[in-house]
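J.: got a sequence here, can you build the structure:
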Amino acid sequence: MNRYARIDTHMPREFVLLQGTGCRWGKCTFCDYHEDRSDDPFPLNRTVLNQVTGCHGVLDVINSGSAPELDEQTLELITEIVSRKKIHTLWFEAHYMYRKRLQELAARFPHCEVKFRCGVESFNPALRSSWNKGIPPQTTPEEIARYFQGICLLCCTQGQTREDILQDIATARRLFEYFSINIFCNNSTSVKRDEELVRWFAREVYPTLCHEPKIEILMENTDLGVG
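T.: I've put the predicted structure just below:
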């Protein structure tokens, strides 16, 4: 598994996939990433973080869960690297349930701007509920945008429609400074990819979005170089 990547186009940054202590939600029906966990992740995370050079001044940290689930030693090392490598912008991912703890985490990094991304997957409450995302159905996109500067969308699963996907993209474009569109790849879960939707997306949607600077499209889940 590759855990470090340098991205030189479309939001230039260094991108690291760290190991957390375990996703506290762990119930999303489409996800088996939560299996990437450890009770002692720091030795692995130290090896990954030591590759960070600060070349773009932006560091994007993900783990198979949420940033507050990173161990204390890893968070301390990130703080040190941000200072030593002159990182000016730091991105983390977190589940919506952590929304009121994000500023506490950001305060650990007073010398850089900290931004947060949430795996919303869809703004359609029925879809979110079917995926067991753990975001209350009454939660509006505007409420999510109060806490998060970026979001991730999940696209082209069986049960979605073209209208669902286009509406989610329009909402993300309106409210967030960054979002990713993740085309679902079949894994060990019961959720399945809709190949007809994938062909439609690749043919009609991808060409209209691929050059927009605030959007990243992952046709495969390793397109950003980690995983």
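J.: CA atoms for contacts and neighbours, from now on please.
T.: OK.
J.: could you give me the buried positions within the one helix or strand E142 maps to?
T.: E142 belongs to helix 141-147 when assigned by DSSP states H and E. For helix 141-147, a neighbour-count test (16 or more other C-alpha atoms under 10 Å) marks P141, I144, A145, Y147 as buried.
J.: quick one: the last one and Y98 touch, right?
T.: No - counting by C-alpha atoms under 8 Å, no contact exists between Y147 and Y98, whose distance comes to 9.6 Å.
J.: what residues of the helix or strand hosting I165 count as buried?
T.: Using DSSP H and E, I165 sits in helix 162-175. Neighbour counts over helix 162-175 (16+ other C-alpha under 10 Å) mark D164, I165, D168, I169, A172, L175 as buried.
J.: then stretch 121-140?
T.: Per 16+ other C-alpha under 10 Å, stretch 121-140 contains these buried residues: 121-125, 127-129, 131-135.
J.: where along this protein do the strands fall?
T.: Ranges of strands within the chain are 4-7, 13-18, 58-63, 89-93, 113-121, 150-155, 178-183, 215-218, based on DSSP state E.
J.: measure how the longest one sits relative to strand 150-155, angle-wise.
T.: Inter-element angle recorded for strand 113-121 and strand 150-155: 20 degrees (by axes from the mean of the first three to the mean of the last three C-alpha atoms, to 10 degrees).
J.: who does strand 113-121 pair up with?
T.: Each strand that pairs with strand 113-121, with its direction, by DSSP bridges: strand 89-93 (parallel), strand 150-155 (parallel).
J.: can I get that strand as CSV, trimmed to CA atoms?
T.: Taking Å, rounded to 0.1, in the frame of the first residue of the first chain, the C-alpha atoms of strand 113-121 are listed here in CSV:
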residue,chain,number,x,y,z
GLU,A,113,-4.6,27.4,8.3
VAL,A,114,-6.4,24.2,9.2
LYS,A,115,-9.3,23.0,6.9
PHE,A,116,-11.6,20.1,7.2
ARG,A,117,-13.3,17.8,4.7
CYS,A,118,-16.3,15.5,5.4
GLY,A,119,-17.3,12.3,3.7
VAL,A,120,-20.9,13.4,3.1
GLU,A,121,-21.2,11.1,0.1
